[in-house]
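K.L.:
after the sequence you'll find the predicted model.
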Amino acid sequence: MGQKRKRVWTFTSCCHRRQETHYADNERVKVSVVRTGLEQRLIALVPAIKEVYMPCRTSYLDATGQWNISCYAELDDLPDAMVPGAVVHPPMAVVLQPLLDGLTERLCTWWLARHPEFSAFELHRVQTFVTRYSVHRGETHLTRHVDGPHVDASFILQLHSERFTGGGVRVWDSENSRDYTDYALETGDLCMLDHLVWHQSLPVTSGERWVLVVFCQKRPKRPKQHVAHAERSTARCQKAIALATSAAHATCTIDEEQAQALAHMLSSSGMDERERAAFTVGCLAASSASNQTTIVDSGALPLLVNMLRTPAPPLSKERGWAAAALARLATNNSRNKAMIAGLGAIPTLVEMLSSEQDLEAEEAASALCNLSANNEANKHLISMSGAVSALVKCLEGAKPKQRIWSACTLSNLATDPVVCRQIWRAGAIERLVHLLHSDTSKERRRAAAALASLARGEPSTHSAISAAGVRPVLEAMLRDAEESIEATSLLEVLRCHGEKAGPEH
Ligand SMILES: O=C(O)CCC(=O)C(=O)O
Ligand SMILES: [Fe+2]
């Protein structure tokens, strides 16, 4: 987003030219709109983009209000072009990665054709983000701006957006001109802008409009072998995200050298680098069991635990991704479970359950769940750290993942009858019964599983669950093949123990 907002233009509509076609190559205004042919790929990408999209609360003020509708995939160290408060959300980088280089190359070819004087340069991405416009106040459009004095070229790719009206890009012929052209972009249309071109997005009047925006800066071309030697932070981050991308799509096994490079990034003085490394470690650990060992052997664990304890600025994702990495390193790995606990991570993770930041609370719950699975010592440490009441509170948290992971952790802890009773007294049963009525199948299944563990754990919790009137909802769950697994198991526990405990009232 540009910082130059000198004035709000008032203009007559005499020059308003609605484009009949979406193709334009306007030399004078330094803009070009082309069709990329990416429509099918962009349609296929919609669920992944929506899944990972997490708007970043920034302190940038556009004329429509605070800018809170972009999710940043890449940010370089470019202070003047930065949106204050913006932080990278690595999952978005992973989703977009397969598209970015090709599109940047396209922009670069177009830009170089206009600037033969820059033939020794190439374009380097400094800001990559996805914006979701909607009809809500402050979310309809971005007002007239240039992308920033340090941005040499940029593009706007129209992502696939089901049914919306309004939107499109308005590009002025020059800073002082009243003449402009409106481009009604369709899925796959790429609007390329040269340095300091005045433009804006037009208000969305219904539905949602999704775009991918990339800002680039020119950098001297460097022979490829030099890049490897003088690897800057950005290059390291890109490499890490590329690894995370392959791990997200298939099994990806890393070697010792790669693990050491990641451990090195975890101890970097740059928060961005640490965040991305932690995120990548999480993806790799989830991708293969051998990665869990290679990463831990590279010395990553103490660095990750240290990151959990780092007092981080409010928008930082550092603690969240560190917890996510620990969670995945602990999955089905008893050695790592013991090592993480031995480093003293558990009390910090318990404290993170009450974090204001969704990611931190979700990932702390996921780490505690994996650490407590089939590990009596960790279960004990977790309940002794005051986790029970925090976990029960999380069952009412805003994010489904937080509720699901907390329910799983409580299931694990409930094998101890004393803790089981504590969970009940903290109010878990009412909340879990409430979750049984959730709209999402995953939550209903997890809630039924947790109630079954609680019913198994202790006669008094068994009676409390029997008295909670869960049968009708469980019978409804029996109609779904997957949900019936947890529903049957809970009905079974209630029946068996019920017989022992006497008839249900
Ligand atoms: O969404 C658009 O069409 C324009 C976006 C834009 O100009 C920007 O984010 O800088
Ligand atoms: Fe822009």
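P.N.:
Done, it's in. Here the structure is a predicted model, which is why all the values come from computation and not from measurement. Ligands and ions are numbered 1, 2, ... in the order given.
K.L.:
got the contact list for Ala242?
P.N.:
Residues in contact with Ala242, defined by C-beta atoms under 8 Å, 6 or more residues apart in numbering, are Gln97. Yep, even glycine has a C-beta here, placed from its N, CA and C like the rest.
K.L.:
got the confidence number for it?
P.N.:
For Ala242, the model assigns a pLDDT of 88.
K.L.:
gap between the helix or strand hosting it and the chain center?
P.N.:
Ala242 belongs to helix 233-249 when elements are defined using DSSP states H and E. For helix 233-249, the distance from its own C-alpha centre to the chain's C-alpha centre is 15 Å (C-alpha atoms, centre = their mean, to the nearest Å).
K.L.:
before we move on, what about stretch 57-65?
P.N.:
With C-alpha atoms, centre = their mean, you get 21 Å for stretch 57-65.
K.L.:
show me what from the stretch 201-350 of the chain comes close to ligand 1.
P.N.:
Ser201, Val211, Val213 (C-beta under 6 Å from any ligand atom).
K.L.:
and the residue of the protein closest to ligand 1?
P.N.:
Ser201 (3.4 Å; C-beta to the nearest ligand atom).
K.L.:
follow-up on the earlier one: in strands, which of the residues of the stretch 201-350 of the chain next to ligand 1 appear?
P.N.:
Among those, the members found in strands (DSSP state E) are Ser201, Val211, Val213.
K.L.:
switch those over to CSV; also include distance to Glu458, neighbour count and pLDDT.
P.N.:
Below are those laid out as CSV (distance: C-beta to C-beta, whole Å; neighbours: other C-beta atoms under 10 Å; pLDDT from 0 to 100):
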residue, distance to Glu458, neighbour count, pLDDT
Ser201, 58, 24, 97
Val211, 54, 23, 98
Val213, 55, 20, 98
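K.L.:
if you skip the residues just before and after it, what's nearest to Gly344?
P.N.:
Here the nearest residue to Gly344 in space, its sequence neighbours aside, is Val305; by C-beta to C-beta, 6 or more residues apart in numbering that works out to 6.9 Å.
K.L.:
wait, that neighbour sits on Gly342?
P.N.:
No - counting by C-beta atoms under 8 Å, Val305 does not reach Gly342; the two are 9.7 Å apart.
K.L.:
what about the two, which has more around it?
P.N.:
Neighbours around Val305 and Gly342, counted as other C-beta atoms under 10 Å, are more numerous at Val305. The numbers are 21 against 12.
K.L.:
how about the contacts made by the more buried one?
P.N.:
Applying C-beta under 8 Å, 6+ apart, the residues contacting Val305 are Ala322, Leu326, Ile340, Leu343, Gly344, Ala345, Thr348.
K.L.:
redo that, cut-off 7 Å
P.N.:
Leu343, Gly344, Ala345 (C-beta atoms under 7 Å, 6 or more residues apart in numbering).
K.L.:
neighbours around the last one, how many?
P.N.:
Other residues within reach of Ala345 by the criterion other C-beta under 10 Å amount to 28.
K.L.:
start at 138 instead
P.N.:
Renumbered: residue one is now 138, and that last one reads Ala482.
K.L.:
check what pLDDT it gets.
P.N.:
96.
K.L.:
distance of it from Lys530?
P.N.:
20 Å (C-beta to C-beta, to the nearest Å).
K.L.:
got it, and the second one?
P.N.:
For Gly481, the distance to Lys530 (C-beta to C-beta) stands at 23 Å.
K.L.:
thinking again about what came up before, isn't the residue of the chain closest to ligand 1 right next to Val308, touching?
P.N.:
No - under the criterion of C-beta atoms under 7 Å, Ser338 makes no contact with Val308, lying 10.6 Å away.
K.L.:
is it true that Leu294 touches Glu323?
P.N.:
No - when contacts are counted by C-beta under 7 Å, Leu294 is not listed as touching Glu323 (11.1 Å).
K.L.:
show me which of these two is the more surrounded one.
P.N.:
Neighbours per residue (other C-beta under 10 Å) separate Leu294 from Glu323, with Leu294 holding more: 26 against 13.
K.L.:
list the contacts of the more buried one.
P.N.:
Contacts of Leu294 by C-beta under 7 Å, 6+ apart are Leu240, Leu327, Val348, Leu349.
K.L.:
got the residues of the stretch 188-337 of the chain near ligand 1?
P.N.:
Thr268, Leu279, Asp284, Ile293, Val306, His336.
K.L.:
per-domain residue ranges of this structure.
P.N.:
By the record's domain assignment, the chain is partitioned as 168-357, 370-522, 525-635 (the TED database).
K.L.:
by neighbours, which of the residues of the stretch 188-337 of the chain next to ligand 1 wins?
P.N.:
Going by other C-beta under 10 Å, Asp284 tops those with 26 neighbours.
K.L.:
beta partners for the spatially closest residue to that residue that is not a sequence neighbour?
P.N.:
In space, and not counting its chain neighbours, Asp284 is closest to Ser291: 4.8 Å by C-beta to C-beta, 6+ apart. Applying DSSP bridges to Ser291 gives these bridge partners: Leu330, Phe352.
K.L.:
pretty sure Ser291 contacts Leu330?
P.N.:
Yes - between Ser291 and Leu330 there is a contact under C-beta under 7 Å: 5.0 Å.
K.L.:
can you pull the residues that touch both of these two?
P.N.:
Asp284.
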